[in-house]
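> with the sequence up front, the predicted model follows.
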Amino acid sequence: MLSERQRSILGAVVADYVSGGRPVGSRALASDHALEWSPSTIRAELASLEDLGFLTHPHTSAGRVPTDAGYRFYVEQLLASSQALPAPSQGELRLSQMRREIESAIRDTTEALSRVTDLVALVSAPPLNTATIHRIEVLRLQPLRVMVVVIASNGVVSKRVFSFAADVDPGLVEWASSYLNERLSGLAIGARMAVSRLGAPELSESERSFLAEISSAFTNIEDSAAEETLYVDGASHLLSEQRSEDLPDAEELMEALERRVNVLNTLRSALEERSVFVWIGNENPQPELRSVSVVGANYGLGYRNLGAVGVIGPLRMDYATAIASVREAASELSRFFEIVYDE
């Protein structure tokens, strides 16, 4: 266990290195921080922290830089004390300013999160095959065209448009919305029993015929894009000249983001987490991510997580801003889903 002095010095080293990107020496620590110890005492503690594996130093410099273990110590301190985190981003991540449609909300959250953190932002949508039907809307677009909108419990929105040979009765469309929600709400997506639930003997021939025409909208939802969707924004941040030293394996990471499936599976492996999760360097489950850090948080309803919000960046990232931002984004998405589901 580290002493209080070692904890203070290690925290100061990580903060300085994250801020400046240069190895941190004892004299800089003594002059720039409210540390009560002399440079010689700090120098001895730096050597001890290096022996313990929290710090290392380039051969050409007397200063120290954090190891993965050093970053982990720093992150745990941030997670344990909300006072160490920056204030919320003054509404940039708040979904009240975004369009109500779920896919747009997720996409806008990804873009805002990347903008706030200057990192690669990720938001995952849950697998469709774990969802149930939350709500169905039947809308008459034109006399011969009807759109069926199915909102799943995981937030996925599916839309299908059907064309008819004769004008569709507006009253029939309004009835269908009410009837389908009554009969199918809570049923698993794609369940075979959906069709059997629509065969009530009291239905008229016109009602039965109309439901048969639109039944594929909620019995055979083809939404493979949403089923395995990972929204990504800000990948260009990894290729900037100022990040070249911090991300020596940027091209490999870019290839992983293009394939997406491994990154998506990595986020989904954390769906049981209840708070912010941080993977630093070699802690990452996927080899492609072991040169970077991932900071994430889950969003969802009170009884289940629906997906994850996260950022990817170099080991030398602003962890305080990253933690505060993903926590805020996840909280806003959770509130958004609660509002949508209460309507």
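Nice, I can see it.
> quick one: mean pLDDT for the helix or strand hosting Val311?
Using DSSP states H and E, Val311 sits in strand 304-313. Per-residue pLDDT over strand 304-313 has a mean of 88.
> show me how far it is from its chain's centre.
3 Å (Cα atoms, centre = their mean, to the nearest Å).
> same question for stretch 5-20.
28 Å.
> can I have that stretch written out in CSV, keeping just the CAs?
C-alpha atoms of stretch 5-20 as CSV (Å, rounded to 0.1, in the frame of the first residue of the first chain):
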residue,chain,number,x,y,z
ARG,A,5,3.2,11.1,0.5
GLN,A,6,3.6,8.6,-2.3
ARG,A,7,0.0,8.9,-3.3
SER,A,8,0.3,12.7,-3.5
ILE,A,9,3.5,12.6,-5.5
LEU,A,10,2.1,10.0,-7.9
GLY,A,11,-1.1,11.9,-8.5
ALA,A,12,1.0,15.1,-9.2
VAL,A,13,3.2,13.2,-11.7
VAL,A,14,0.2,11.8,-13.6
ALA,A,15,-1.6,15.2,-13.6
ASP,A,16,1.5,17.0,-14.9
TYR,A,17,2.2,14.4,-17.6
VAL,A,18,-1.4,14.3,-18.8
SER,A,19,-1.3,18.1,-19.0
GLY,A,20,2.1,18.7,-20.5
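> list the buried residues in that stretch.
When burial is assessed from 16 or more other Cβ atoms under 10 Å, stretch 5-20 yields the following buried residues: Gln6, Ser8, Ile9, Leu10, Gly11, Ala12, Val13, Val14, Ala15, Asp16, Tyr17, Val18. The way it works is simple: take the backbone N, C-alpha and C, and place the C-beta from them, glycine included.
> thought Phe73 was touching the fourth one, still the case?
Yes: taking contact to mean Cβ atoms under 8 Å, the distance of 5.9 Å between Leu10 and Phe73 places them in contact.
> where along the stretch 151-300 of the chain do the helices fall?
If you assign secondary structure with DSSP state H, counting those that start in this stretch, the helices in the stretch 151-300 of the chain sit at 170-184, 193-196, 205-214, 216-219, 224-227, 250-259, 261-268.
> for the stretch 51-200 of the chain, give me the ranges with low pLDDT.
In the predicted model, the stretch 51-200 of the chain carries pLDDT under 70 at residues 60-61, 82-84, 87-101, 126-131, 154-156, 190-196, 199.
> show me what Val295 is bridged to.
Each beta-bridge partner of Val295 is listed here, defined by DSSP bridges: Val278, Val311.
> that one - how many residues pack around it?
Counted with other Cβ atoms under 10 Å, the neighbours of Val295 add up to 28.
> looks like it contacts Ala324 (just checking).
No: no contact is recorded between Val295 and Ala324 when judged using Cβ under 8 Å, the distance being 9.8 Å.
> what distance do you get for Leu49 to Arg27?
In this view, Leu49 and Arg27 are 16 Å apart by Cβ to Cβ, to the nearest Å.
> can I assume Ser325 is in contact with Val311?
Yes: counting by Cβ under 8 Å, Ser325 sits close enough to Val311 to count as a contact (7.1 Å).
> who touches both of the two?
Any residue near both Ser325 and Val311 by Cβ atoms under 8 Å, 6 or more residues apart in numbering counts here, and that gives Leu113, Thr117.
> grab the most central residue of this structure for me.
Centroid check for the chain by Cα atoms, centre = their mean gives Val309 as the closest residue, at 1.3 Å.
> contacting residues for Ile136?
Counting by Cβ under 8 Å, 6+ apart, Ile136 touches Val148, Val149, Val150, Ile151, Ser177, Leu180, Asn181, Leu184, Ser185, Ala217, Phe218.
> who does it bridge with?
Going by DSSP bridges, Ile136 is paired in beta bridges with Val150.
> can you lay out the buried residues of stretch 5-20 as a markdown table showing distance to Tyr319 and pLDDT?
Shown next, in a markdown table, are these (distance: Cβ to Cβ, whole Å; pLDDT from 0 to 100):
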| residue | distance to Tyr319 | pLDDT |
| --- | --- | --- |
| Gln6 | 19 | 91 |
| Ser8 | 17 | 89 |
| Ile9 | 18 | 91 |
| Leu10 | 14 | 92 |
| Gly11 | 11 | 90 |
| Ala12 | 14 | 90 |
| Val13 | 14 | 92 |
| Val14 | 8 | 93 |
| Ala15 | 10 | 90 |
| Asp16 | 13 | 90 |
| Tyr17 | 11 | 90 |
| Val18 | 7 | 90 |
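> which ones among those residues are found in helices?
Gln6, Ser8, Ile9, Leu10, Gly11, Ala12, Val13, Val14, Ala15, Asp16, Tyr17, Val18 (DSSP state H).
> dump the residues you listed to TSV, plus distance to Asp233.
Listed next are these as TSV, based on distance: Cβ to Cβ, whole Å:
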residue	distance to Asp233
Gln6	39
Ser8	37
Ile9	37
Leu10	33
Gly11	31
Ala12	33
Val13	32
Val14	27
Ala15	27
Asp16	30
Tyr17	27
Val18	23
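> looking at those residues, which one is closest to Pro39?
Lowest distance from Pro39 to these (Cβ to Cβ) belongs to Ile9, with 11.5 Å.
> was I right about the closest one contacting Thr41?
No: with contact defined as Cβ under 8 Å, Ile9 does not count as touching Thr41 (9.2 Å).
> re earlier: of the contacts of Ile136, buried ones?
A residue is treated as buried here by neighbour count (16+ other Cβ under 10 Å); on that basis the buried members of the contacts of Ile136 are Val148, Val149, Val150, Ile151, Ser177, Leu180, Asn181, Leu184, Ala217, Phe218.
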